[in-house]
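Colleague: Return atomic coordinates for the entry below.
(chains A and B)
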Amino acid sequence: DAKTTQPNSMESNEEEPVHLPCNHSTISGTDYIHWYRQLPSQGPEYVIHGLTSNVNNRMASLAIAEDRKSSTLILHRATLRDAAVYYCILRRNTGKLIFGQGTTLQVKP
Amino acid sequence: EAQVTQNPRYLITVTGKKLTVTCSQNMNHEYMSWYRQDPGLGLRQIYYSMNVEVTDKGDVPEGYKVSRKEKRNFPLILESPSPNQTSLYFCASSTGGEVGELFFGEGSRLTVL
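Modeller: Below is the predicted model:
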């Protein structure tokens, strides 16, 4: 069954780039790769999503491997406000979502 | 303001006493879904709905019911709550399909004694 695998935690220094990896080796051809983050005591919030090509938005970039079995969320300059749990999610056209366990990102000043 | 509203936000109840957690969205979204979040287990999907009158089981549907009679509402029903349903629950909505951005509610913390 499809699943995503993420490191439990990562650390970064403020104003440095952060690369958050996700492995989804059993991804199906039509699954979209979504990333969300969750700040303490809040619901998850959308970060970025993609299918095959790399994507950029004002929050982050998403790099998708050519075989789609892995992806990397890139925060170009981490700030203290980026400290959160980041979830890599596969979203199916059936409506089902496949979650990873999430990566807790710590940002050090 | 675009939002997903859950009620109640906090609830302490006892085993076997039926309860409903409501979820309402004002964005005319087709897709709605429920999740529970537990320490060490992350987020898990309970039920989802692609549109009115269409619902499907997620990964952990046991002990829960849902209904989607109107587009804006997607209540989660616990017919006979048990202590293992003590959890933090989130509702979310999005435009249909697999590309829409999910908008999450603020969460409902449920304790079953």
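Colleague: For B:Ser94, list each beta-bridge partner.
Modeller: Beta-bridge pairing for B:Ser94 (DSSP bridges): B:Tyr31.
Colleague: Look up phi and psi at B:Val14.
Modeller: Torsion angles at B:Val14 (phi, psi; degrees, to the nearest 10) stand at phi -120, psi 160.
Colleague: Is it correct that it is in contact with B:Leu110?
Modeller: No. Look at B:Val14 against B:Leu110 with Cβ atoms under 8 Å: they stay out of range, at 11.8 Å. Where C-beta positions appear, they are placed from N, C-alpha and C, glycine not excepted.
Colleague: which of those two has more neighbours?
Modeller: B:Leu110 (22 against 11; other Cβ atoms under 10 Å in any protein chain shown).
Colleague: Check which helix or strand the more buried one maps to.
Modeller: Secondary structure from DSSP states H and E places B:Leu110 in strand B:108-112.
Colleague: what mean pLDDT would you report for that strand?
Modeller: Per-residue pLDDT over strand B:108-112 has a mean of 97.
Colleague: So what touches that strand?
Modeller: Under the contact criterion Cβ atoms under 8 Å, 6 or more residues apart in numbering or on different chains, strand B:108-112 has outside partners B:6-15, B:19, B:21, B:78, B:81-91.
Colleague: residues touching B:Gly63, list them.
Modeller: Contacts of B:Gly63 (Cβ under 8 Å, 6+ apart): B:Leu78, B:Glu79, B:Ser80, B:Pro81, B:Ser82, B:Asn84, B:Gln85.
Colleague: from those residues, which two are the most distant?
Modeller: B:Glu79 and B:Asn84 (14.4 Å; Cβ to Cβ).
Colleague: Report the contact partners of the residue lying closest to A:Pro40 once chain neighbours are set aside.
Modeller: Nearest residue to A:Pro40, sequence neighbours excluded (Cβ to Cβ, 6 or more residues apart in numbering or on different chains): A:Ala84, at 7.9 Å. By Cβ under 8 Å, 6+ apart, the residues touching A:Ala84 are A:Arg37, A:Gln38, A:Leu39, A:Pro40, A:Thr104, A:Leu105.
Colleague: mind redoing it with 7 Å?
Modeller: A:Ala84 makes contact with A:Arg37, A:Gln38, A:Leu39, A:Leu105, according to Cβ atoms under 7 Å, 6 or more residues apart in numbering or on different chains.
Colleague: For it, list each beta-bridge partner.
Modeller: Beta-bridge partners, per DSSP bridges, of A:Ala84: A:Leu105.
Colleague: count of residues packed around A:Thr79?
Modeller: Neighbour number of A:Thr79 under other Cβ under 10 Å is 12.
Colleague: Now do the residue lying closest to B:Leu41 once chain neighbours are set aside against B:Cys91, distance only.
Modeller: Once flanking residues are discounted, B:Leu41 sits nearest to A:Gln101: 7.9 Å by Cβ to Cβ, 6+ apart. Computed with Cβ to Cβ, to the nearest Å, the distance linking A:Gln101 and B:Cys91 is 21 Å.
Colleague: in what helix or strand does the residue most central in space within chain B lie?
Modeller: The centroid of chain B falls nearest to B:Trp34 when counting by Cα atoms, centre = their mean (3.0 Å). Here B:Trp34 sits within strand B:31-38, counting by DSSP H and E.
Colleague: For that strand, list every residue counted as buried.
Modeller: B:Tyr31, B:Met32, B:Ser33, B:Trp34, B:Tyr35, B:Arg36, B:Gln37 (16 or more other Cβ atoms under 10 Å in any protein chain shown).
Colleague: Thank you, goodbye.
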